[in-house]
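[1] Could you work out the structure for the sequence below:
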Amino acid sequence: MKTFNNKLRLLIGFLALVVITGSCVPEGEFLGDKGQTLVKLYPQNYNKVLFAPVATSQTVAALEVRRDVGGEADLNSSTTVVLKFDKDASMINEFNDLNDTYFSLLPSTLYSSLPAVGTDGNLSLTFGPGEFVKSIMITVPNVFDFDFSQKYALAYKLVSVSGTGIKSLAVSDTTVVEIGAQNAYEGWYHSVGFRDHPVNGVYTVDDDKYLYTIDQYTVETYTGDYVNYRLWITVDPLAPLANNVTIMSPDVMLFDNDPTVNARGITGGYNHYDPVNKVYYLYYYYNANAPRVIQETITKK
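    The predicted structure is shown next:
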């Protein structure tokens, strides 16, 4: 019996040691990663790249591959990493399903990549001695060739590591990169004014609005306080400042309520944009038979 009790004590002690040792592993650290040279994508899962609103070639880093070395010997060695490019948009579609987004694959005619994607859909990066970071560079000749009604993206998956190092087990091995552009007019604004309804009276406009890029000179918001109709505002940089804006909507016919119209006797004005103070002055209406007259001043915040 004494021998049995001694063995039981030893077994309990061993199990306690296992529990204590396991509890010392920091949260998020995998034992298989410990002491290794780890290779991972950065950022993980999602990144966003915005190009400037200029019609000239631009190059940016879409994604980084990082090598976290495990020691001096590893630092002085080489590592080759292979990424799979999302040629068929399957990674992007999976991301859309999981995140309720609606990205589409950026057409290859609109950009080039360094390193280039091979015919097998893969691209490779090699870390030489002393190197920690490699980037995938994207060059866009002209962002205004984009279809701004689309939300573009590229996606990559880390598939293999050779030489020194292993794939990190602690982070995602896939990243979706949103590729976008914004013109000089996009941003947050504050709108004040009114929408005069022929039956229901006057509705006050006093809203913060985000104006989204449609093309080089056009942004999108909504009409007055009425969010059901989109409003596209286009600046003509060559027109006189007093009348340099046109408006339209893909949802309803809009009419200018300029001083020659004064719909329903409501004093109008010419649609124009003040580029110094970044202010839109808009006068318009919809429904020709019973005009809903809108006047709003939209000022950059």
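[2] And the strands in the stretch 201-301 of the chain, which stretches?
    201-213, 218-223, 226-235, 245-248, 254-256, 272-274, 279-286, 292-300 (DSSP state E, counting those that start in this stretch).
[3] Check what pLDDT Q36 gets.
    Note for Q36: predicted pLDDT of 85.
[4] ok, it touching K167?
    No - applying Cβ atoms under 8 Å as the test, Q36 and K167 come out as separate, 9.8 Å apart. Glycine gets a C-beta too; all of them are placed from N, C-alpha and C.
[5] got JSON lines for the strands of the stretch 201-301 of the chain, with mean neighbour count too?
    Output for those, formatted as JSON lines (neighbours: other Cβ atoms under 10 Å):
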{"stretch": "strand 201-213", "mean neighbour count": "15"}
{"stretch": "strand 218-223", "mean neighbour count": "21"}
{"stretch": "strand 226-235", "mean neighbour count": "17"}
{"stretch": "strand 245-248", "mean neighbour count": "18"}
{"stretch": "strand 254-256", "mean neighbour count": "19"}
{"stretch": "strand 272-274", "mean neighbour count": "18"}
{"stretch": "strand 279-286", "mean neighbour count": "22"}
{"stretch": "strand 292-300", "mean neighbour count": "21"}
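[6] For those, give me JSON lines that also has distance to S77.
    Shown next, in JSON lines, are these (distance: least, Cβ to Cβ, whole Å):
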{"stretch": "strand 201-213", "distance to S77": "46"}
{"stretch": "strand 218-223", "distance to S77": "51"}
{"stretch": "strand 226-235", "distance to S77": "56"}
{"stretch": "strand 245-248", "distance to S77": "61"}
{"stretch": "strand 254-256", "distance to S77": "65"}
{"stretch": "strand 272-274", "distance to S77": "58"}
{"stretch": "strand 279-286", "distance to S77": "59"}
{"stretch": "strand 292-300", "distance to S77": "52"}
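[7] Dig out what M137 forms beta bridges with.
    A61, L114 (DSSP bridges).
[8] Once you drop chain neighbours, what's closest to A290?
    In space, and not counting its chain neighbours, A290 is closest to P198: 4.7 Å by Cβ to Cβ, 6 or more residues apart in numbering.
[9] Can you name the residues that contact the one you found?
    When contacts are counted by Cβ atoms under 8 Å, 6 or more residues apart in numbering, P198 touches 264, 290-292.
[10] The same query, at a cut-off of 7 Å, please.
    Shown in contact with P198 (Cβ atoms under 7 Å, 6 or more residues apart in numbering): 264, 290-291.
[11] try Y217
    By Cβ under 7 Å, 6+ apart, the residues touching Y217 are 183, 234-235, 237.
[12] any idea of the pLDDT on it?
    On the pLDDT scale, Y217 gets 92.
[13] before we move on, the earlier item: and the contacts of P198, which is closest to M91?
    For M91, the nearest member of the contacts of P198 is P291. The distance, counting by Cβ to Cβ, is 49.4 Å.
[14] re earlier: confidence score at the residue nearest to A290?
    Confidence for P198, expressed as pLDDT, is 98.
[15] give me phi/psi at it?
    With angles defined as degrees, to the nearest 10, P198 sits at phi -70, psi -20.
[16] where in the stretch 101-250 of the chain is pLDDT low?
    Regions of the stretch 101-250 of the chain meeting the criterion pLDDT under 70 are absent.
[17] From start to finish, how long is stretch 97-107 in a straight line?
    In stretch 97-107, first residue to last residue: 21 Å (Cα to Cα, to the nearest Å).
[18] Which positions in it come out as buried?
    103, 105-106 (16 or more other Cβ atoms under 10 Å).
[19] ok, now which ones touch the residue lying closest to F103 once chain neighbours are set aside?
    Closest residue in space to F103, ignoring its immediate chain neighbours: A153 at 3.7 Å, by Cβ to Cβ, 6+ apart. Shown in contact with A153 (Cβ under 7 Å, 6+ apart): 92, 103, 105-106, 176-179.
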